[in-house]
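**Q** Need the 3D shape of this:
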Amino acid sequence: SVSGSLASTASLANNLGKWLSIGVLLAAFLVAALFTMSAVGRRTREFGTLKAIGWTSGRVVRQVLGESIVTGLIGGVLGIALGYGGALAIDKFAPTLTASSATSSASNTAGGNFPGGGGGARAAANDVTVHLTAPVDIKILLLAVGLAVLGGLIAGGLGGWRASSLRPADALAKVA
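**A** Reported below is the predicted structural model:
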């Protein structure tokens with residue numbers, strides 16, 4: 001059993017890891033949204049022209065949203081491939097760790113210093129071998145793809161909002 005400061009250290013590491021993961025995920029969503037909005041800004045002429053030939057704002061939003069979801073899916077698949085490759089590399093190249101602990105037991109302490117009388121504690125060593133692995137769980141893979149699609153939805157929604165606010169005159173002003 002683990003007690004004392006080692007248990008609180010493990011709890012701190014778990015909690016810190018959870019909140020750090022959430023922070024990184026939110027930062028990734030923010031960066032994806034900013035990149036999408038930047039790409040929409042560079043495509044002002046294209047979206048303005050589409051609106052000038054009759055596309056509705058809803059259709060432009062669906063276009064940007066669809067592109068972002070496809071990008072999110074591709075990113076999710078590439079992420080799974082890289083993660084699975086990393087897990088295989090860990091399984092193949094990770095060193096084997098060995099831990100040993102010594103336990104002592106008093107045997108025949110009444111024998112004193114007489115020959116064959118035991119005379120104290122005897123130590124026994126226990127070796128434990130730990131193989132490092134990186135298991136891959138289907139639930140984690142599905143969660144990763146789901147988060148990638150969610151990131152695409154968020155980025156596409158913000159990019160689509162930006163694209164829908166463009167006017168046909170914006171495209172014509174950039175062409176001239």
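**Q** And the strands in the protein?
**A** 96-107, 120-131 (DSSP state E).
**Q** quick one: residue 58 from residue 149, how far?
**A** 21 Å (Cβ to Cβ, to the nearest Å). Bear in mind the C-beta positions are built from the backbone N, C-alpha and C, glycine included.
**Q** tell me the phi and psi of residue 132?
**A** phi -80, psi 130 (degrees, to the nearest 10).
**Q** how about it, what does it touch?
**A** 90, 94-97 (Cβ atoms under 8 Å, 6 or more residues apart in numbering).
**Q** how about 10 Å then?
**A** Residues near residue 132 by Cβ atoms under 10 Å, 6 or more residues apart in numbering: 90-91, 93-97.
**Q** pLDDT-wise, which helix or strand of the chain ranks last?
**A** One helix or strand of the chain scores below all others by mean pLDDT, DSSP states H and E: helix 168-175, with a mean of 56.
**Q** got the residue ranges for the helices in the chain?
**A** Listed in chain order, the helices of the chain (DSSP state H) span 5-42, 44-52, 57-93, 138-164, 168-175.
**Q** Which among these is found nearest to residue 126?
**A** Closest to residue 126 of those is helix 5-42 (Cβ to Cβ; 19.1 Å).
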